[in-house]
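Trainee: requesting a structural model of the entry that follows:
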Amino acid sequence: MTSHISAKAAIADGNGQFSIQTISIAQPKVDEVLVEIKASGVCHTDFDSMSWGKPLVMGHEGAGIIIAIGDKVDGLSPGDRVLLNWAIPCGRCFQCTNGEQSICEANYPGVEAPEIPGHAHLAGTRCAGHSIERSFRLGTMATHALVHKNAVVKIPVDIPFSSACIIGCGVMTGYGSVVNAARVQPGSSVAVLGAGGVGLNVIQGARIAGAGKIIAIDIMQSKLDLARQFGATDTVLASADDANLLKAAEAVKTRTDNRGADYAFECTAIPELGAAPLAMVRNGGTAVQVSGVEQVISVDMQLFEWDKTYINPLYGKCRPQIDLPILMQLYASGQLLLDELVTATYSLNDLQQAFDDMHHGRNAKGVLIMDASL
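Mentor: Residues are numbered from 1 along each chain as shown. As a prediction, the model looks like this:
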């Protein structure tokens, strides 16, 4: 076996641009896994990663086939079909041992935590003769990826790679925010702000949880039509000039006995709408920030009256070896729609078109189909 293999990858330059280049990948170390990537999701985070101030191999939603493993990798073998998980737990820090694997302390700076061999390892992937970082230690927008064993979850069901790859980010984030974080109760009412890829998974998470009324809010009628396919019982066509979606909030109230929804989920990634779900929930209701708004925003504290709760879970509180197999079994049983989410596929060379379609709202979810012969 050769010591390195060549692969094609989308390389971000750190200044807002990318190019398709050849990279060199080493054979796995003791705790690493080499995966031939078959499909990679296209996400807003991937677009943002082009401007993170450093070169990197792009992509964090991937699925493929193991082609080699390190000496200390148990339970995985070459030939296994696998899904990759971007929030890689160490399994030993305070948060992991407390059941909060999605916020593993090894993934976030400023906290003394066990180091995972391979988490900081850069030498295994090289571009133009230099070591290069992999986005979220994965780098799935490539024909091959070298990852830590804790990033890998076996695929136990019959599912296309294009549908499997999206589970490890947007699907888990949406579904988990409903089931793991908010713990939506059967018969309850749910409002979902934004019917894009994450919002559609909040909607079907609420459907699977047994919510009685699921209200989708968006400014595009086409997205609201799709929301009904995934489980929305009601829709509200919002106006782009509706500040803080307060008019949409009134429409939600008219559909919930003038109280407001039991739960409201913000899935737009628009900072100005960070507080909007608070206006849509009843007194004592729960507002959930799903889309990862990190900017400073202003909040009218009257929106918290009375006894409202606002939570900001990361990645749907994912426990990879527990939650991702559950999602795959829900797909196999027909309860979780994934094939229907993938509304366009692209080659690696068509990544710019995939980003353009994403930004113009043409897709529920776009996916890159990898060709290892490139």
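Trainee: quick one: the helices in the stretch 251-374 of the chain?
Mentor: Taking DSSP state H, counting those that start in this stretch as the test, the helices found in the stretch 251-374 of the chain are 276-280, 320-332, 351-359.
Trainee: so which of those gets nearest Leu246?
Mentor: Proximity to Leu246, assessed across these by Cβ to Cβ, is greatest for helix 276-280 (5.9 Å). Quick note: C-beta positions are derived from backbone N, CA and C, even for glycine.
Trainee: thinking again about what came up before, so which of the helices of the stretch 251-374 of the chain comes closest to Ser6?
Mentor: Ranking these by proximity to Ser6 (Cβ to Cβ) places helix 351-359 first, at 19.0 Å.
Trainee: buried ones in the closest one?
Mentor: By neighbour count, and taking 16 or more other Cβ atoms under 10 Å as the criterion, the buried residues in helix 351-359 are Leu351, Ala354, Phe355, Asp357, Met358.
Trainee: quick one on the thing from earlier: okay, the helices of the stretch 251-374 of the chain in TSV with distance to Ala12 and mean pLDDT next?
Mentor: Putting the helices of the stretch 251-374 of the chain into TSV (distance: least, Cβ to Cβ, whole Å; pLDDT from 0 to 100) gives the following:
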stretch	distance to Ala12	mean pLDDT
helix 276-280	31	95
helix 320-332	25	97
helix 351-359	11	96
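Trainee: just put those helices in JSON lines and tack on distance to Val296.
Mentor: As requested, the helices of the stretch 251-374 of the chain are arranged in JSON lines below (distance: least, Cβ to Cβ, whole Å):
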{"stretch": "helix 276-280", "distance to Val296": "16"}
{"stretch": "helix 320-332", "distance to Val296": "31"}
{"stretch": "helix 351-359", "distance to Val296": "24"}
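Trainee: looking at those helices, which is closest to Ser222?
Mentor: helix 351-359 (13.2 Å).
Trainee: quick one: contacts of that closest one?
Mentor: The list of residues contacting helix 351-359 from outside it, by Cβ atoms under 8 Å, 6 or more residues apart in numbering, reads 10, 18, 20, 42-44, 46-47, 141, 344, 346, 363, 366, 368.
Trainee: please redo it, this time with the cut-off set to 6 Å
Mentor: Ala10, Val42, Phe47, Tyr346, Asn363, Gly366 (Cβ atoms under 6 Å, 6 or more residues apart in numbering).
Trainee: for the last one, give me its contacts.
Mentor: Contacts here follow Cβ under 6 Å, 6+ apart; on that basis Gly366 touches Val42, Ala344, Ala354, Asp357, Met358.
Trainee: go again using 7 Å as the cut-off
Mentor: Going by Cβ atoms under 7 Å, 6 or more residues apart in numbering, Gly366 touches Val42, Ala344, Tyr346, Ala354, Asp357, Met358.
Trainee: what number of residues lie near the first one?
Mentor: What it means is Val42. The local packing count at Val42 equals 28, with neighbours defined by other Cβ atoms under 10 Å.
Trainee: farthest-separated two in the contacts of helix 351-359?
Mentor: Those two in the contacts of helix 351-359 that are separated most widely, counting by Cβ to Cβ, are Ala10 and Asn363, at 17.7 Å.
Trainee: could I get the pLDDT score of the residue lying closest to Thr268 once chain neighbours are set aside?
Mentor: Using Cβ to Cβ, 6 or more residues apart in numbering and skipping the chain neighbours, the partner closest in space to Thr268 is Gly194 (3.8 Å). pLDDT recorded at Gly194 is 96.
Trainee: Gly194 and Ser102, how far apart?
Mentor: Spatial separation of Gly194 from Ser102 under the definition Cβ to Cβ, to the nearest Å is 21 Å.
Trainee: same deal with Leu348?
Mentor: Using Cβ to Cβ, we find Leu348 at a distance of 29 Å from Ser102.
Trainee: of the two, who's got more company?
Mentor: Of the pair Leu348 and Ser102, Ser102 is the one with more neighbours under other Cβ under 10 Å, namely 25 against 21.
Trainee: for that one, grab phi and psi.
Mentor: Per-residue torsions, Ser102: phi -70, psi -20 (degrees, to the nearest 10).
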